[in-house]
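Student: what shape does this take:
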Amino acid sequence: GTLLIVESPTKAKSLSLFLGKKYVVKASMGHLRDLPKSQLGVEVEQEFKPKYIAVRGKGKIIKELKEAVKNANQVLLASDPDREGEAIAWHLQNLLELKSDEPCRVEFNEITKQSVIQALENPRYIDYNRVNAQQARRILDRLVGYNLSPLLWRKIKKGLSAGRVQSAALRLICDREEEIKAFIPEEYWSLTAKLSKDEKNYFLARLYKIGNKKAALSHQDEVENIIRELAPCPYQVIKKERTEKSRQPVTPFTTSSLQQEASRKLNFTPQKTMLLAQQLYEGLGLGPEGTTGLITYIRTDSMRVAESIQEEARLYIKRHFGTGYIPLRPRKIKPKGRIQDAHEAIRPTSVGREPQTIKTYLT
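Tutor: Numbering: from 1, shown residues only. Sure, this is the predicted structure:
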């Protein structure tokens, strides 16, 4: 049969349920090789060559995978579809001594039967550009962290750490703190009146001008004097304008925008959001429908949505709300800044799977 290696046991369980006996699905439990913790692990004088060793505690998993390879006619590596996943697949290829001239890498953006089967039928070669990108980032992390952290211990306090990302972020925070300290606050007041003909219907009016000058209120005494002057005055609406405004729909979720929205609406921490999203991605049991992934891959910076799912959404809108709510053409969102755009936005794997039909299976 075929040995399929994924990263997590949850994903392995989901795939086993709909792939059948032809496939043996095993989990690598993340990285199996990494730079040693006891030393730098980077040969700086030899073009920054990394020195990898087996991750402590992963010996048993490596042994099990090597045994499984002996009994397989084909080995496919289905680690996550990103740079980190590509590096894990490359490490597995080396550890398990798989032939580099045979396509063994498969990736799928969603854990649904159709998507997975399509990926398994179209294996590809390891993408060394992705592997090199991950290695460069890992080596940079090690060089910055291992060289700067001991300096902090000597100069400031034991236990502090520096890093490629956190040190740059700390600099931005410090710069902003300096700006806040240098800011000289100025007192500022605004005045709003609640106007109505009766108690049921009212509107708010803001004081904009006093005479011909824009209202700039900087003292409480000044505001209280104006309130006393305005209190007995009659008010009249002298002009009314009606304007129509259009509002663009919100953009599809990236990893960061999903975390922001979950924090704003549900008060979730980023960690909780990613934990729950990971479960939705890896697959949940839905009764008669079986185990399936409910959302696409959760680590993405893209707002792109597959054409097939856009068409599915248009049909759903037509069926439930009418043709008048369907735009003439699907919306295209231009990417902002430098992004990988390797995967789609985070979206449901099926538009037709409505919340009320699956809520009893979600806990």
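Student: would residue 152 count as being in a strand?
Tutor: No. Residue 152 is assigned helix when assessed by DSSP: H, G, I helix; E, B strand; the rest coil, not a strand.
Student: so it touches residue 163, yeah?
Tutor: No. Residue 152 is beyond contact range of residue 163, at 10.9 Å (criterion: Cβ atoms under 8 Å). For every residue, glycine as well, the C-beta is placed using N, CA and C.
Student: burial count for residue 324?
Tutor: If you count neighbours by other Cβ atoms under 10 Å, residue 324 ends up with 7.
Student: tell me who's in contact with it.
Tutor: With Cβ atoms under 8 Å, 6 or more residues apart in numbering as the criterion, no residue contacts residue 324.
Student: I'd guess it is in a strand, am I close?
Tutor: No. Using three-state DSSP, the secondary structure at residue 324 is helix, not a strand.
Student: how about the contacts made by the spatially most central residue of the chain?
Tutor: Centroid-nearest residue in the chain, with Cα atoms, centre = their mean: residue 255, separated by 1.2 Å. Residue 255 makes contact with 274, 298, 299, 300, 301, 346, according to Cβ under 8 Å, 6+ apart.
Student: likewise for residue 38?
Tutor: Residue 38 neighbours (Cβ under 8 Å, 6+ apart): none.
Student: mind pulling up the pLDDT for it?
Tutor: pLDDT, residue 38: 91.
Student: domain map for this protein?
Tutor: With domains defined by automatic domain parsing, the chain comprises 2-133, 192-230, 255-361.
Student: can you put those domains in TSV and add distance to residue 140?
Tutor: Compiled in TSV, those are given as follows (distance: least, Cβ to Cβ, whole Å):
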stretch	distance to residue 140
domain 2-133	9
domain 192-230	51
domain 255-361	17
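Student: between those domains, which gets nearest to residue 174?
Tutor: Proximity to residue 174, assessed across those by Cβ to Cβ, is greatest for domain 255-361 (22.1 Å).
Student: what's the span of the closest one, first residue to last?
Tutor: The first residue of domain 255-361 is 25 Å away from its last residue (Cα to Cα, to the nearest Å).
Student: now residue 206: closest residue in space, sequence neighbours ignored.
Tutor: Residue nearest to residue 206 in three dimensions, not counting chain neighbours: residue 192, with 5.0 Å by Cβ to Cβ, 6 or more residues apart in numbering.
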